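Novice: no sequence on hand, only this structure:
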C-alpha cells in the first residue's frame, strides 16, 4: 500500500499536461466584461475561484449542515468546511496529474453552494413545496445562485464565471442525457449559455467530483464516531478498514485510540487519493488521451477509483447510510427540518409581506416564478436563520432543532 505522502511527492514534480484545461483557451463568459475582466496577473480560472470565495453564498455555507444541523457542535463539519476539505483533496490530485489546480479548486469550493438549509432534508422540503412548479434540485440551484442570484456586479446578474467552471458544475455526475427531463433551473440556464451537456466535462471537473466522494466518505466517519452513531468495532468489520487499522496500531503502539482513529481517517484518504491518481493515469494512457478535447470525446469517465476501491467505497457508503445518514436521530431531525421549511414556504406564499423588503419588491406576480422566488429565499438561508424565522412566525421549534 502506498503511503499518504506518495501522491504529494509525485505531485511536486508534475508539469502542466496537454490534456489539462487551459484558461487561455476558455470558451469565455456569458457576459462580456471590459478588458476581458482582467485585473492583475490572474488567469480566468483564478478569477473564478476568487469570485466564489468572495461571494455571500460561499460565506453562508459556514452555517449550513453537512451531516449534522449546523452548528450542532463546534467540531462537526459544515458545508463550508467540507468544501474546503474537498478543495484540498482535489488540488493534490490535480497537481499530480498536471491539471489546472485553480479550476479544480474553484469547482470543489462551489459544488455545494446551492444546498438548502438542513442538507438533503432541506432539498426534500423545497422539492415538495415546488412540486407543482418544477421542483428543486440542489445541483441546478448551485448554477442558479452563481449565474443569477449572487449579483455583486453593476453590469450583469451572477458572478459571470467561465464556461469551463459552469459546465463542470452542470455535469456534476457526468454527461446529462440529451433526452432527459432537466431540472427547470438547469434547463433555463443551459438555454442561455449552453453547457454541452451530452459530453464529459474536463478532467478538472471529474477530479472535483471524486474529491467530493473521498472527503465526505472519510470525514463523515470522523463525525459519526464523534456523535456516537458508529463505533470503531463496526468499522473494523470492513476488511479494507481493518487492514488500515492494524497497520496504524503497529506504527503507533500505545497511542490513545482517539488519535489512532484520526490517523485511520487520514490513511483512508491517502489510500483513496493514491488509487485515483494511479487509476486516472492508467485510463489516460490506455485511451490515448493527449488533449483537453480528447477528454471530452472519450465517452467515459477518465478519473475515478480502481475496481477494487470502487467496491470498497460502495461498501463504506452503504454502511454510512445505514448507520449515520439514516440513524434514527438523523431521520427525526430531517423530518422536523422538512416540516419547518414547508411551513415557512407556506407562510411566505400566503403572506408575502413577511418577506424582507427587497425580496418583496422583486416578487413575481405569476406562477411558477412566484413560488420559485420564495424558494430562492429559503434555499439561501442558513440552518440557524431558518430556525429564527420559524420561531418568529410559529414559536420555538422542537427541541431537536432548538439548540442551533
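Specialist: That came through fine. None of these values were measured; they are calculated from a predicted model.
Novice: how does this structure divide up, domain by domain?
Specialist: Using automatic domain parsing, the domain ranges for the chain come out as 1-17+42-229+325-404, 230-324.
Novice: determine the number of other residues adjacent to residue 357.
Specialist: Around residue 357 there are 8 other residues, counting by other C-beta atoms under 10 Å. Where C-beta positions appear, they are placed from N, C-alpha and C, glycine not excepted.
Novice: distance-wise, check it relative to residue 154.
Specialist: Noted for residue 357: a distance of 21 Å to residue 154, by C-beta to C-beta, to the nearest Å.
Novice: so where's the stretch 301-404 of the chain uncertain?
Specialist: Along the stretch 301-404 of the chain, the model assigns pLDDT under 70 to residues 403-404.
Novice: just the helices in it please.
Specialist: Counting by DSSP state H, counting those that start in this stretch, the segments of the stretch 301-404 of the chain that form helices are 307-320, 328-350, 357-361, 369-379, 383-394, 399-402.
Novice: now distance to residue 24 too, for the domains of the chain, in a markdown table please.
Specialist: Listed next are the domains of the chain as a markdown table, based on distance: least, C-beta to C-beta, whole Å:
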| stretch | distance to residue 24 |
| --- | --- |
| domain 1-17+42-229+325-404 | 8 |
| domain 230-324 | 12 |
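Novice: any idea which of these gets closest to residue 34?
Specialist: Closest to residue 34 of these is domain 1-17+42-229+325-404 (C-beta to C-beta; 8.3 Å).
Novice: the nearest residue to residue 400 once chain neighbours are set aside: how many residues sit nearby?
Specialist: Of all residues not flanking residue 400 in the chain, residue 333 sits nearest, at 5.1 Å (C-beta to C-beta, 6 or more residues apart in numbering). By other C-beta under 10 Å, the residues close to residue 333 number 21.
Novice: equivalent analysis for residue 360, please.
Specialist: So residue 360, with other C-beta under 10 Å, has 13 neighbours.
Novice: how near is the nearest residue to it once chain neighbours are set aside to residue 346?
Specialist: Once flanking residues are discounted, residue 360 sits nearest to residue 352: 5.8 Å by C-beta to C-beta, 6+ apart. Distance, residue 352 to residue 346, by C-beta to C-beta: 12 Å.
Novice: highest mean neighbour count out of the domains of the chain?
Specialist: Among the domains of the chain, domain 1-17+42-229+325-404 has the highest mean neighbour count (mean count of other C-beta atoms under 10 Å), at a mean of 19.
Novice: for residue 87, list the residues it contacts.
Specialist: Residues near residue 87 by C-beta atoms under 8 Å, 6 or more residues apart in numbering: 104, 105, 108, 109, 211.
Novice: identify the farthest-apart pair in these.
Specialist: Spanning the widest gap among the contacts of residue 87 are 109 and 211, at 11.0 Å by C-beta to C-beta.
Novice: and the residue nearest to residue 69 when sequence neighbours are not counted, how far from residue 402?
Specialist: Ranked by C-beta to C-beta, 6+ apart and with sequence neighbours excluded, the top spatial neighbour of residue 69 is residue 383, at 5.3 Å. With the distance defined as C-beta to C-beta, residue 383 ends up 12 Å from residue 402.
Novice: go ahead and confirm the residue nearest to residue 69 touches residue 118.
Specialist: Yes. Counting by C-beta atoms under 8 Å, residue 383 does reach residue 118; the two are 5.8 Å apart.
Novice: give me the common contacts of these two.
Specialist: Residues touching both residue 383 and residue 118 (C-beta under 8 Å, 6+ apart) are 64, 65, 69.
Novice: ok, the second one - contacts?
Specialist: What that stands for is residue 65. Here residue 65 is in contact with 72, 78, 79, 117, 118, 119, 122, 383 (criterion: C-beta under 8 Å, 6+ apart).
Novice: redo those as a markdown table? Include secondary structure and distance to residue 238.
Specialist: Compiled in a markdown table, those are given as follows (DSSP: H, G, I helix; E, B strand; the rest coil; distance: C-beta to C-beta, whole Å):
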| residue | secondary structure | distance to residue 238 |
| --- | --- | --- |
| 72 | coil | 26 |
| 78 | strand | 27 |
| 79 | helix | 27 |
| 117 | coil | 32 |
| 118 | coil | 29 |
| 119 | helix | 25 |
| 122 | helix | 30 |
| 383 | helix | 31 |
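Novice: just send those back as CSV, with distance to residue 230 too.
Specialist: Formatted as CSV, the contacts of residue 65 follow (distance: C-beta to C-beta, whole Å):
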residue, distance to residue 230
72, 16
78, 20
79, 21
117, 25
118, 21
119, 18
122, 24
383, 23
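Novice: where's the dip in pLDDT among these?
Specialist: pLDDT is lowest at residue 72 among those; the value there is 65.
Novice: residue farthest from the centroid of this protein?
Specialist: residue 254 (37.6 Å; C-alpha atoms, centre = their mean).
Novice: how distant is the lengthiest helix in the chain from the center of its chain?
Specialist: For the chain, the helix that runs over the most residues, judged by DSSP state H, is helix 257-286. Remark: helix 257-286 is offset 19 Å from the chain centroid, using C-alpha atoms, centre = their mean, to the nearest Å.
Novice: how about stretch 341-351?
Specialist: Put simply, stretch 341-351 sits 27 Å off its chain's centre (C-alpha atoms, centre = their mean).
Novice: that'll do, ta.
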